[in-house]
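Chemist: predicted model and sequence follow; I will ask about them next.
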Amino acid sequence: MPGNSGLDPLPTGILSDIPEMSAPFAHVKPLATDDGHLADQAENVMENLEKAFPVSWEQFHRDARALAWRLAGQGPFQAIVCITRGGLVPAAIVCRELEVRLIDTVCIASYHEYKTQGTSAVLKEIDSKVKEIGEGGKGVLIIDDLVDTGKTARLVREMLPNAHFATVYSKPQGRPLVDTFVTEVSQDTWIYFPWDLGLSFQPPISGGKG
Ligand SMILES: O=P(O)(O)OC[C@H]1O[C@H](OP(=O)(O)OP(=O)(O)O)[C@H](O)[C@@H]1O
Ligand SMILES: Nc1nc2[nH]cnc2c(=O)[nH]1
Ligand SMILES: [Mg+2]
């Protein structure tokens, strides 16, 4: 009922002026105007990586489906363990295609330093119910979006040495740790996932303003 809801009236102004709407995005700062942290991080990445491999949602869905096709003959898999956070989206696509309904996560936080290896912390272990499926994880499918240095893959493989390890993309250094993948890119390529990207203006190839 108007005037009787107990709620303050909505403030007027543009969307970002509304505290409730802007709060969840308060930490998101564009590279060009931040305090320098994100720009430094991006600079560190680009310093070591020559090529960019941007992936659209359509391409990612196609590649994740291709992964499911490759995995279809290698099961049956009784459970999927996805490595968060990057493994969540491909695992959602693969579990639908392979009709796997027992899904678990292993939650790993990496603290990246692009000149050194960085450190990783396991925030959540694999569930004991999944660990008990088969000897050393036999019959379990582990999914991540990509393998790069192989550090994350090595950590998780130690937890379930007999599980099948699958990624959508792979780089040469980590490839020996992966049983099944779809596309390999060179070690000096950075893969940009659709969930990390947004639409932005592209200047014409000629260099004009468009
Ligand atoms: O082979 P590596 O050198 O270990 O790199 C691969 C890992 O790096 C990315 O995850 P990241 O740690 O950036 O975190 P996220 O999945 O939470 O985005 C990616 O999703 C892989 O899990
Ligand atoms: N998005 C993304 N994350 C990574 N983590 C390690 N390598 C990569 C990469 O190429 N792209
Ligand atoms: Mg990851």
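Modeler: Happy to help now that I have it. Numbering: from 1, shown residues only. Ligands and ions are numbered 1, 2, ... in the order given.
Chemist: so the residue nearest the centre of the chain, which of the three states?
Modeler: Nearest residue to the geometric centre of the chain (Cα atoms, centre = their mean): residue 86, 1.9 Å. Secondary structure state of residue 86, per DSSP: H, G, I helix; E, B strand; the rest coil, is coil.
Chemist: for residue 99, see how far away it is.
Modeler: 23 Å (Cβ to Cβ, to the nearest Å). Every residue, glycine included, has its C-beta placed from N, CA and C.
Chemist: also residue 64?
Modeler: 15 Å.
Chemist: neighbour count for the two, which is higher?
Modeler: Comparing residue 64 with residue 99 by other Cβ atoms under 10 Å, the one with more neighbours is residue 64, at 21 against 9.
Chemist: quick check, pLDDT for that one.
Modeler: Note on residue 64: pLDDT of 98.
Chemist: for it, give me phi and psi.
Modeler: When quoted as degrees, to the nearest 10, the phi and psi of residue 64 stand at phi -70, psi -40.
Chemist: for the helix or strand harbouring residue 169, output the C-alpha coordinates as PDB.
Modeler: For residue 169, the host element (DSSP states H and E) is strand 164-170. Extracted C-alpha coordinates of strand 164-170, given in PDB (Å, rounded to 0.1, in the frame of the first residue of the first chain):
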ATOM      1  CA  HIS A 164      39.700 -38.600 -15.200                       C
ATOM      2  CA  PHE A 165      40.900 -35.000 -15.600                       C
ATOM      3  CA  ALA A 166      39.300 -32.800 -18.300                       C
ATOM      4  CA  THR A 167      39.600 -29.200 -19.400                       C
ATOM      5  CA  VAL A 168      38.300 -27.200 -22.300                       C
ATOM      6  CA  TYR A 169      41.600 -25.500 -23.100                       C
ATOM      7  CA  SER A 170      45.100 -26.400 -22.400                       C
END
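Chemist: hmm, it touching ligand 2?
Modeler: No: shown here: strand 164-170 not in contact with ligand 2 (Cβ under 6 Å from any ligand atom), separated by at least 7.6 Å.
Chemist: ok now that strand, how far from the chain's centre?
Modeler: Here the centre of strand 164-170 is set off from its chain's centre by 12 Å, with Cα atoms, centre = their mean, to the nearest Å.
Chemist: since that was my last question, I'll sign off now.
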